[in-house]
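*Asks:* model the structure of this input:
(one chain, ligands or ions: 1)
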Amino acid sequence: MNKIAIAVHGGASENYSFLREHQQEFALGLAKATEMGYEVLDKGGSALDAVEEAVGILEDNPLFNAGRGSALNSRGEVEMDASLMDGKDLQAGAVSMVRTVKNPIRLARLVMEKTRHVFLSGYGALELAKKYGMEIEAESYFITPYQYEVYQKLNKIETMEEIQKKKMKGTVGAVALDLQGNLAAGTSTGGISNCLPGRIGDSCVIGAGCYANNATCAVSGTGEGEYLIRGVVGHTISMMMEFDMPLQEACDYVIHERNKKLNGEMGIIALNQMGDFGISFNTEIMKRAWKSSSREIQIKLFD
Ligand code: ASP
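*Replies:* Numbers count the residues shown, from 1 in each chain. As a prediction, the model looks like this:
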C-alpha cells in the first residue's frame with residue numbers, strides 16, 4: 001500500500017503566556033486538524049482536500065491566528081491571507097486582504113479552481129467568495145478577547161519599530177501526501193499583530209510560505225513573513241531537493257544556514273513523496289503535529 005501522511009502547524013513564535021496557559025487546548029486543536037486531514041487521506045481523498053480540511057479546522061479554532069482568532073492590524077481590523085498548492089500539476093490559489101470570509105483557505109482553492117488567476121486580493125476576493133456562496137461572518141466573529149488584548153497592549157507602544165520588535169504573530173498550515181502519491185501544501189494567517197493596514201505576509205505568497213511539487217516536496221511556512229518572502233523559503237527548499245539534498249537537510253539549510261545573514265524568525269513543515277517529514281525552526285515555539293500510515297500521531301509545541 002502507498003503511504004499517506006500529513007503534518008500541520010499552528011505557528012512559530014516566542015514562548016508566550018497565553019500558550020503556556022492553554023497548552024492542552026493548543027495540542028488538542030493540532031490533533032483534531034491532523035486526524036481530520038488524515039481521515040480524508042485514509043478514505044482516498046486527495047492531498048489538496050486533506051490540506052484544505054486541516055487548515056479549515058485550524059481557521060475555525062479561535063486559539064490560532066487564522067480565520068477566527070486572527071491578529072488585528074493597527075486599525076483593529078482583521079485582514080487575512082491564505083494559499084494552497086497542488087504538487088501534482090503545480091496549480092495554486094492565493095488570497096490576501098480578505099475580510100469577513102470564514103475560511104480563507106477555501107477561498108484560495110476557489111481562486112485556483114474557478115478562475116484563471118493564481119492570486120486575488122481584497123474586494124475582488126470577497127466578490128468571488130460571495131458569488132460561490134462561501135460562508136461570510138460579521139467582523140466581530142473573527143476578533144477574540146486574546147487578540148483584542150494584544151492589540152490594545154501594542155497600541156500603547158508609540159512607534160511601529162517597537163511594535164515590530166514584539167513580533168506577535170502566528171499562522172496555520174498543512175502539508176499532505178495522498179494514496180496517489182500527490183503532495184499538497186496550504187497556509188493561512190491573520191498576519192502580524194498591529195501591522196500596517198494592507199500589509200501582506202508570506203502565507204499567501206506561493207514560493208515563500210507555501211509551495212508544493214511532487215518532484216520534490218510540499219512546504220508550509222510560518223514566522224516573520226517579510227523574511228520568508230525575501231528568502232523565498234518554500235521554493236528554495238524545493239530547489240535544494242532538485243539538487244539532490246535530502247528533505248530534512250534542505251529544511252535545516254534554508255532555516256538555519258541560508259537565513260543566517262537576515263536572521264528572520266521562522267519555521268517550516270515539509271513532506272516528500274516517500275512520506276518523510278521535514279521540520280525545522282529557529283524559534284522557541286513551533287506548534288506542530290504529524291501522522292503517517294507508518295507513524296502514530298506526534299504533537300509538539302516546544303523543542
Ligand atoms: N508568516 C505570517 C505573516 O507574516 C505570520 C506567522 O507565521 O507568524 O503574516
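*Asks:* hang on, E137 packs against R99?
*Replies:* No. Assessed by Cβ atoms under 8 Å, E137 is found out of contact with R99, at 9.8 Å. Every residue, glycine included, has its C-beta placed from N, CA and C.
*Asks:* ok, the two, which is more surrounded?
*Replies:* More neighbours surround R99 than the other of E137 and R99, with 18 against 14 (other Cβ atoms under 10 Å).
*Asks:* that one is in contact with N73, isn't it?
*Replies:* No. R99 lies out of contact with N73 (Cβ under 8 Å); the separation is 10.5 Å.
*Asks:* need the overlap of contacts for those two.
*Replies:* E79 (Cβ atoms under 8 Å, 6 or more residues apart in numbering).
*Asks:* low-confidence stretches in the stretch 151-300 of the chain?
*Replies:* Low-confidence segments of the stretch 151-300 of the chain (pLDDT under 70): 158-169.
*Asks:* so which bits of it are right by the ligand?
*Replies:* By Cβ under 6 Å from any ligand atom, the residues of the stretch 151-300 of the chain that approach the ligand are 169-171, 189, 191-192, 201-203, 209, 222-223, 225.
*Asks:* rerun that using 8 Å as the cut-off
*Replies:* Within the stretch 151-300 of the chain, the residues that sit near the ligand (Cβ under 8 Å from any ligand atom) are 169-171, 187, 189-192, 195, 199-203, 209, 221-226, 228, 266.
*Asks:* what strand or helix carries the closest residue to Q273 other than its chain neighbours?
*Replies:* Nearest non-adjacent residue to Q273, counting by Cβ to Cβ, 6 or more residues apart in numbering: G181, 5.5 Å away. For G181, there is no enclosing helix or strand under DSSP states H and E.
*Asks:* all strands in the protein, in order from the N-terminus.
*Replies:* 5-13, 80-86, 91-98, 119-121, 172-177, 183-189, 210-212, 218-223, 266-271, 277-281, 285-292, 295-300 (DSSP state E).
*Asks:* can you list those strands in CSV and add mean neighbour count?
*Replies:* CSV is the format used below for the strands of the chain (neighbours: other Cβ atoms under 10 Å):
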stretch, mean neighbour count
strand 5-13, 28
strand 80-86, 31
strand 91-98, 24
strand 119-121, 20
strand 172-177, 34
strand 183-189, 34
strand 210-212, 33
strand 218-223, 33
strand 266-271, 29
strand 277-281, 23
strand 285-292, 24
strand 295-300, 13
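*Asks:* of those, which approaches L247 most closely?
*Replies:* Nearest of those to L247, taken as Cβ to Cβ: strand 277-281 at 4.1 Å.
*Asks:* mind giving me the packing neighbours of that closest one?
*Replies:* Applying 3 or more Cβ pairs under 8 Å, 6 or more residues apart in numbering; DSSP states H and E, one finds that strand 277-281 makes contact with strand 5-13, helix 247-252, strand 266-271, strand 285-292.
*Asks:* count of neighbours near T115?
*Replies:* T115: 13 surrounding residues under other Cβ under 10 Å.
*Asks:* what's near enough to touch the residue lying closest to it once chain neighbours are set aside?
*Replies:* Nearest residue to T115, sequence neighbours excluded (Cβ to Cβ, 6+ apart): L128, at 6.9 Å. For L128, the contact set (Cβ under 8 Å, 6+ apart) comprises 107, 110-111, 114-115, 120.
*Asks:* just the ones of the residues you listed in helices?
*Replies:* Judged by DSSP state H, the contacts of L128 include 107, 110-111, 114 as members of helices.
*Asks:* coming back round to it: using CSV, lay out the strands of the chain together with distance to P246.
*Replies:* Shown next, in CSV, are these (distance: least, Cβ to Cβ, whole Å):
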stretch, distance to P246
strand 5-13, 16
strand 80-86, 21
strand 91-98, 25
strand 119-121, 31
strand 172-177, 16
strand 183-189, 16
strand 210-212, 17
strand 218-223, 14
strand 266-271, 11
strand 277-281, 9
strand 285-292, 17
strand 295-300, 18
